[in-house]
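Enquirer: mind looking at a prediction? Sequence and model below.
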There are 2 protein chains.
Amino acid sequence: MSRRSGRSTRMKARANKARLSTPYTVRRIGMVSLINDDAIAIIERNADRILDEIGMEFRGDPETLALFRSHGARVDGERVRFDPGWCRDKIKTAPPIFTQHARNPARSIQIGGDAQVYAPSFGPPFVHDMERGRRYATLDDFKEITKLHHQLGAVNHSGGVVVEPVDIPVPLRHLHMAHTHLTMNDKPFMGAVTAPDRARDTIEMCRIAMGAKFVDENCVLYSVVNTNAPLVMDETMLWALRQYAKAGQCTVVSPFVLGGAMSPVSVAATLAQVLAEVLASVALIQLIRPGAPAAFGTFFSPISLRTGAPTFGTPEGTQFQMCAKSLADRLGLPFHSVGGLTAAKVPDAQAGYESQSQLMGAALAGVNFIIHATGCLEGLLTTGYEKIVMDADRCSAMQRFVQGVDFSEAAQGMDAFFEVEPGGHFLGAQHTQDNFETAFWMGGMSDNGTYEQWTAEGATWQHDRATARVKDLIETYETPAMDAAIREALDDFVARRTREIEGATT
Amino acid sequence: MSRRSGRSTRMKARANKARLSTPYTVRRIGMVSLINDDAIAIIERNADRILDEIGMEFRGDPETLALFRSHGARVDGERVRFDPGWCRDKIKTAPPIFTQHARNPARSIQIGGDAQVYAPSFGPPFVHDMERGRRYATLDDFKEITKLHHQLGAVNHSGGVVVEPVDIPVPLRHLHMAHTHLTMNDKPFMGAVTAPDRARDTIEMCRIAMGAKFVDENCVLYSVVNTNAPLVMDETMLWALRQYAKAGQCTVVSPFVLGGAMSPVSVAATLAQVLAEVLASVALIQLIRPGAPAAFGTFFSPISLRTGAPTFGTPEGTQFQMCAKSLADRLGLPFHSVGGLTAAKVPDAQAGYESQSQLMGAALAGVNFIIHATGCLEGLLTTGYEKIVMDADRCSAMQRFVQGVDFSEAAQGMDAFFEVEPGGHFLGAQHTQDNFETAFWMGGMSDNGTYEQWTAEGATWQHDRATARVKDLIETYETPAMDAAIREALDDFVARRTREIEGATT
């Protein structure tokens, strides 16, 4: 009796503990690397040669060109060339590990080192669920998806443009997105990169929510700028990069590459090109503000050489990522790259195969910030509601995986062998009783039961169960607490800026 | 003009080359290992202690017990105990690498070393396809599935019990299965393990098909015996093991473990148990015939501690596999383990996520013989037609992946950067033209096109496309050539043995 009640209390305590998610995962296993020292030297030499002999274009921003020139880069029109080693030298001031602070300090994340952060998809204009189908996304969708991310323990980040809120005019979207991230989730989030004013507004909203002094002294925004591969950074991205760097906020430089179109048709050549673009762009960040947090990002999708379409879940996508991680390590930069990408239009088996392949590749590569870990459909043109909860389940499996195997004496369980005879079973053994609640990872989206049970329960496909799970998560969502004065100040800021922006554009 | 026609000839030659599949894959990348030397020492010590102090039971076979006793093992009833190091010493005669010969020499496979073989699911009594649903399998299903495996280049093996032909009486099934494997596919296959007579019949049929002398001197059958974990091998398995070992054919010892029920509830403890069972059983094979080919097999599925059901695609399943590979390497034995397992009842997203997780784990672990790489549904109770072709596509991706990245000068493609300006594109570059046909892996089962194109083509889910692919493969199947006299002798053998077996049982 006393034993049973003791166990029941213990079980309850453990269940409660299990519900509290950790803000990020600490990888305790080695990385998979596919590139040896000789090959690294080749790629680095090729990148240096590209920067020296061809150079990179920084378009529409004289201030950037002047800054490069004043530090000794060779500027010719908008083309900037770099002596071998110059960029690498400038990058040395970037921190290898830093913290992105969340509004709720318990949700703050480490970027770099052995940390892994799993973050939502970024950018889709469309949204899909099984009941309403595929459609342009709205702010309501954005809010519902933010609720899901708040609820899902395996998703460590509120993301950025989780979908484009197409019903809101472009110049106002960033206000509503930042407002939603700050008020409906308390995990860290990403800044707007579509115009310098929008970057400034996002920073200002963080100052309201988290204190001006705190934001001035800490990284609270993590924003991704894409190069226009090959070897171009455009005005919009440059301006956003400059705003965030000046403010000491993190900028990830992530060349977006469709391999074979925007880079040569091989992993080795694309690695050199991407390394060149990151070297020059992160060097720029460090010229703007030495010590500003930055990361080495990649988005590589080989195109189908039959149709020109981007492909996902391919061997080359993961090979590229694993090699690029080694290049980032050599620069001492955190590494940001893609998770569960798929070209599937619906949450079908293709979505499962491709997303698991990409996500597992990212986890095993040791990616520090896994973007697009959840929700991707149609190569990021669509965010899927069901796909979010299906992917999150797999994120939780990978988070467990990278923590490695427990070889402690307790895990060895030698007593159990002496308790159970050959041919017996371990279900009732003391070792099993003591450990069963936490021994194995338990997913939430797989049906593991018998065929008969599955039939009796409606013969559901995984996406059917995901629809139910989405509804349950949205129904049970509770808005995270926020000081009323802060909430009011945020509302006021959005209202004021809306008036200003509408005034300026009419 | 001459250039174009030259290219067209080259394209044709390449396309023809691409259609010829290689019989197995040579892994050129490092393995993922999750176990360091200290942990290996712990597991080996624990396995030795289990064998020394608890021992393993070999049931219903006095000859085995006598053999063990005569070589110095401690036999007590059916329990056999071993001094530490005794089994390891006996195992030294097992070859680390050997060839399993196929009827068609071009299909022969290497087992062990850097080779990876991808093989079908084994054992399901049920079969599933989208049009006919789930049902007991028949010999017709067995034959259709064998046709698929013959057609699919990524499947290197014809397998064994690809489904149970339930319409054939149990004592006759092995004859029809071996006959189908030998006549309808020319890839290597697996032997029956359900009774000593059936093992002998299978060997005899190989002698007819491939020559008696050849079979006596070479490995042509690869057969899996499961222990009854924990620490038991039963009469049926022992007799099959003895037949194949005596004949110099390969026996894989593969403890079948539902973790938490048939082993303690941890990866570390299960590793020690499985190592103990393999040590004792492979030692037995070497006592029967020193030098007989053998392999270290594993099948580990953690059970759901909520429902008792086996689970697949879990972190622990892959962690276990990666650690066990390191233990097999220490023994100098080829490593056999599971591929694309899933508990899904249908070819849905769960099937995709779980199977990709298991398959990618196996590929990265460096598994030499990946069993259940294709077709698994419902935790091996069902083989899915669509699932076979969907999985085979992913096998082909993994086969490409493990061959690593090409860092040759041609792959570096530096000329392309000088040809294409910053902001340009590489589609027309010479490097792209020269390499596009083989540059990137091209899957056959993913839809990568636009949403509009996908809609116009019927808005198919992957399993819909798989149904069409299955039909196409079965329609275009051609029976591989076989000498008419051999074919007749095989038919006669099956007819004669059928009469004898029916006579004996009536």
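Expert: Looks like it arrived, so ask away.

Enquirer: now do the SS call for the residue in chain A that chain B sits nearest to.
Expert: Closest residue of chain A to chain B, CB to the nearest CB: A:G352 (2.3 Å). Quick note: C-beta positions are derived from backbone N, CA and C, even for glycine. Each residue gets one of three states, and A:G352 gets helix by DSSP: H, G, I helix; E, B strand; the rest coil.

Enquirer: local confidence estimate at it?
Expert: According to the prediction, A:G352 has pLDDT 98.

Enquirer: what about the residue nearest to it when sequence neighbours are not counted, neighbour count?
Expert: Among residues not flanking A:G352 along the chain, B:G352 sits closest, at 2.3 Å (CB to CB, 6 or more residues apart in numbering or on different chains). Neighbours of B:G352 under the rule other CB atoms under 10 Å in any protein chain shown: 36.

Enquirer: likewise for A:E235?
Expert: 14.

Enquirer: check contacts around it.
Expert: A:E235 is in contact with A:59-61, counting by CB atoms under 8 Å, 6 or more residues apart in numbering or on different chains.

Enquirer: tell me which of the residues you listed is nearest to A:S263?
Expert: Set against A:S263, the nearest of the contacts of A:E235 by CB to CB is A:R59 (18.9 Å).

Enquirer: surely the closest one meets A:L231?
Expert: No: counting by CB atoms under 8 Å, A:R59 does not reach A:L231; the two are 11.0 Å apart.

Enquirer: can you pull out the helices in the stretch 151-300 of chain A?
Expert: A:170-184, A:196-210, A:212-217, A:235-246, A:267-288 (DSSP state H, counting those that start in this stretch).

Enquirer: possible to save those helices as JSON lines with mean pLDDT?
Expert: Shown next, in JSON lines, are the helices of the stretch 151-300 of chain A (pLDDT from 0 to 100):
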{"stretch": "helix A:170-184", "mean pLDDT": "98"}
{"stretch": "helix A:196-210", "mean pLDDT": "96"}
{"stretch": "helix A:212-217", "mean pLDDT": "97"}
{"stretch": "helix A:235-246", "mean pLDDT": "94"}
{"stretch": "helix A:267-288", "mean pLDDT": "98"}
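
Enquirer: make a PyMOL selection of the buried ones in the contacts of A:E235.
Expert: Restricted to buried positions by 16 or more other CB atoms under 10 Å in any protein chain shown, the PyMOL selection for the contacts of A:E235 reads:
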select buried, chain A and resi 59+61
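
Enquirer: make CSV out of the contacts of A:E235 and add secondary structure and distance to B:H181.
Expert: Output for the contacts of A:E235, formatted as CSV (DSSP: H, G, I helix; E, B strand; the rest coil; distance: CB to CB, whole Å):
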residue, secondary structure, distance to B:H181
A:R59, coil, 63
A:G60, coil, 67
A:D61, coil, 68
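
Enquirer: one step back: give me whichever of the helices of the stretch 151-300 of chain A is most buried.
Expert: helix A:267-288 (a mean of 27; mean count of other CB atoms under 10 Å in any protein chain shown).

Enquirer: and it, C-alpha only, in CSV?
Expert: Output of helix A:267-288 as CSV, limited to C-alpha atoms (Å, rounded to 0.1, in the frame of the first residue of the first chain):
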residue,chain,number,x,y,z
VAL,A,267,28.5,19.7,-53.5
ALA,A,268,32.2,20.6,-53.6
ALA,A,269,31.8,23.7,-55.7
THR,A,270,28.7,24.9,-53.8
LEU,A,271,30.6,24.6,-50.6
ALA,A,272,33.3,26.9,-51.9
GLN,A,273,30.8,29.4,-53.1
VAL,A,274,28.7,29.4,-49.9
LEU,A,275,31.9,29.7,-47.8
ALA,A,276,33.0,32.7,-49.9
GLU,A,277,29.6,34.5,-49.4
VAL,A,278,29.6,33.8,-45.6
LEU,A,279,33.2,34.9,-45.2
ALA,A,280,32.6,38.3,-46.9
SER,A,281,29.2,38.9,-45.3
VAL,A,282,30.2,38.0,-41.7
ALA,A,283,33.3,40.1,-42.1
LEU,A,284,31.0,43.0,-42.9
ILE,A,285,29.0,42.4,-39.8
GLN,A,286,32.2,42.5,-37.7
LEU,A,287,33.3,45.7,-39.5
ILE,A,288,30.0,47.3,-38.5
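
Enquirer: the residue nearest to A:G352 touches A:A344, doesn't it?
Expert: No: B:G352 lies out of contact with A:A344 (CB under 8 Å); the separation is 9.0 Å.

Enquirer: what sits in contact with each of the two?
Expert: Jointly contacting B:G352 and A:A344 under the rule CB under 8 Å, 6+ apart are A:350-351, A:354, B:462.

Enquirer: ok, these vs A:I54, which is closest?
Expert: A:E354 (33.8 Å).

Enquirer: all strands of the stretch 351-500 of chain A, in order?
Expert: Under the criterion DSSP state E, counting those that start in this stretch, the stretch 351-500 of chain A carries strands at the ranges A:369-374, A:376-377, A:382-384.

Enquirer: for A:G112, find the nearest of those.
Expert: Of the strands of the stretch 351-500 of chain A, nearest to A:G112 by CB to CB is strand A:369-374, at 8.7 Å.

Enquirer: do that closest one and chain B meet?
Expert: No: judged by CB under 8 Å from any CB of the partner chain, strand A:369-374 stays clear of chain B, getting no closer than 12.5 Å.

Enquirer: counting neighbours, which bits of that strand end up buried?
Expert: So strand A:369-374, judged by 16+ other CB under 10 Å, has buried residues A:369-374.

Enquirer: parallel or antiparallel, list what pairs with that strand.
Expert: strand A:115-120 (parallel), strand A:335-338 (parallel) (DSSP bridges).

Enquirer: thought A:Q116 was touching A:R28?
Expert: No: using CB under 8 Å, A:Q116 is not in contact with A:R28; the gap is 10.7 Å.

Enquirer: got any residues that touch both of these two?
Expert: In contact with both A:Q116 and A:R28: A:V402, using CB under 8 Å, 6+ apart.

Enquirer: same drill for those two, tell me which one is more crowded.
Expert: More crowded of A:Q116 and A:R28, by other CB under 10 Å: A:Q116, with 25 against 12.

Enquirer: and that one, what does it touch?
Expert: A:Q116 neighbours (CB under 8 Å, 6+ apart): A:24-27, A:363, A:366-370, A:399, A:402.

Enquirer: any quick PyMOL command for the buried ones out of those residues?
Expert: Buried members of the contacts of A:Q116, defined by 16+ other CB under 10 Å, are picked up in PyMOL with:
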select buried, chain A and resi 24+25+27+363+366+367+368+369+370+399+402
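
Enquirer: want to throw the contacts of A:Q116 into CSV with pLDDT?
Expert: Listed next are the contacts of A:Q116 as CSV, based on pLDDT from 0 to 100:
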residue, pLDDT
A:Y24, 92
A:T25, 92
A:V26, 91
A:R27, 91
A:A363, 97
A:G366, 96
A:V367, 98
A:N368, 98
A:F369, 98
A:I370, 98
A:Q399, 97
A:V402, 96
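
Enquirer: between the contacts of A:Q116, which is closest to A:I109?
Expert: The closest of the contacts of A:Q116, once distances to A:I109 are taken by CB to CB, is A:Y24, at 4.6 Å.

Enquirer: and the gap between the closest residue to A:S446 other than its chain neighbours and B:D129?
Expert: With sequence-adjacent residues excluded and distances taken as CB to CB, 6+ apart, A:S446 is closest to B:Q350, at 5.3 Å. Distance of B:Q350 to B:D129, computed by CB to CB, to the nearest Å: 18 Å.

Enquirer: out of those two, which sits in the busier spot?
Expert: B:Q350 (30 against 22).

Enquirer: contacts only, for the residue most central in space within chain A.
Expert: The centroid of chain A falls nearest to A:I371 when counting by CA atoms, centre = their mean (2.3 Å). For A:I371, the contact set (CB under 8 Å, 6+ apart) comprises A:119, A:121-122, A:224, A:297, A:336-339.
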